[in-house]
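Trainee: here is my input, please return the structure:
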Amino acid sequence: MVEKGTGESISSRLIIICLTGMPGAGKSTVASSLKEKGFLVITMGDVIREEAIRLKFDLNDTNLGRLMVQLREEFGPGAVAELVVKKIHSALMPSRKGDNAILIVDGIRSIAEVTVLKRVGQVRLLAIHASSHIRFVHLKERGRTDAPLSQSDFMERERRELNVGISEVIALADEVVSNNKLTIDQLKVNAFEIVMKWIDSLKLKT
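Mentor: Presented below is the predicted three-dimensional model:
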């Protein structure tokens, strides 16, 4: 259940690095690499999957997509981010004086979600970009239960993401990494360097 307005001011020293991009662009690769480096990662898609499990829905692309839209229609465009804030509360211990808590949120889809997260921490937004062809291949190779079965399934997913507002949040990202010609290692290094630059900068402000 989504509760609006939860989780005000968890910590003035909480740094939230948000990842956005169209499906298959490489967000999960970046998130996984940051997790391997010790960062706490919350994936918005996983939050929706957990809600689907709670509601006893089959975990396929159609059901997850409909649930994503339904949550936003019933509880507002920041609904999934409100669920993320609840997870932040349960995942983060109060930071010691002088310390910064750092969190990665993977899968931002709208400015409303960014606004929700700004209530509880300092936010920076990194967009991962890739062409539609490359992204379709990535999704097929990933082999998850919500992977598109055909080009038409992929295009339907594209329209759903755009309707939620993801194009606006990509356009307003603090930085963009183009993943059209990068190797996986290059993508990880480029993203990590940006994240560390932001963290160092934000720490100086607190």
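Trainee: look up how far Ile166 lies from Leu172.
Mentor: The gap separating Leu172 from Ile166 is 11 Å, by CB to CB, to the nearest Å. C-betas here are computed from N, CA, C, even on glycine.
Trainee: looking at the two, which is more packed in?
Mentor: Remark: of Leu172 and Ile166, Ile166 carries more neighbours, 23 against 12, as counted by other CB atoms under 10 Å.
Trainee: number of nearby residues for the nearest residue to that one once chain neighbours are set aside?
Mentor: Of all residues not flanking Ile166 in the chain, Arg109 sits nearest, at 4.7 Å (CB to CB, 6 or more residues apart in numbering). Residues lying near Arg109 (other CB under 10 Å) number 28.
Trainee: wait, what's in contact with Arg109?
Mentor: By CB atoms under 8 Å, 6 or more residues apart in numbering, the contact set of Arg109 is Thr20, Met44, Val80, Glu161, Val164, Gly165, Ile166, Val169.
Trainee: off-centre distance for the helix or strand harbouring Leu162?
Mentor: In this assignment (DSSP states H and E), Leu162 forms part of helix 151-164. Computed by CA atoms, centre = their mean, to the nearest Å, the chain-centroid distance of helix 151-164 equals 17 Å.
Trainee: give me the buried positions along the helix or strand that it is followed by.
Mentor: Using DSSP H and E, the helix or strand that follows helix 151-164 in sequence is helix 166-171. For helix 166-171, the neighbour count (16 or more other CB atoms under 10 Å) marks Ile166, Val169, Ile170 as buried.
Trainee: so which of those comes closest to Ile194?
Mentor: Comparing these against Ile194 with CB to CB places Ile170 closest, at 15.1 Å.
Trainee: for the closest residue to that closest one other than its chain neighbours, identify the helix or strand it belongs to.
Mentor: Nearest non-adjacent residue to Ile170, counting by CB to CB, 6+ apart: Ala127, 4.6 Å away. Using DSSP H and E, Ala127 falls within strand 122-129.
Trainee: so Leu19 sits in a strand?
Mentor: Yes: going by DSSP: H, G, I helix; E, B strand; the rest coil, the assignment for Leu19 places it inside a strand.
Trainee: could you count how many residues lie near Asp58?
Mentor: 10.
Trainee: now it, what's its secondary structure?
Mentor: Following three-state DSSP, we place Asp58 in the coil state.
Trainee: before we move on, back to that, what is the strand holding Ala127 packed up against?
Mentor: Packing contacts for strand 122-129, counted by 3 or more CB pairs under 8 Å, 6 or more residues apart in numbering; DSSP states H and E, involve strand 14-20, helix 27-36, helix 111-118, helix 166-171, strand 175-178, helix 184-205.
Trainee: many thanks, we can stop here.
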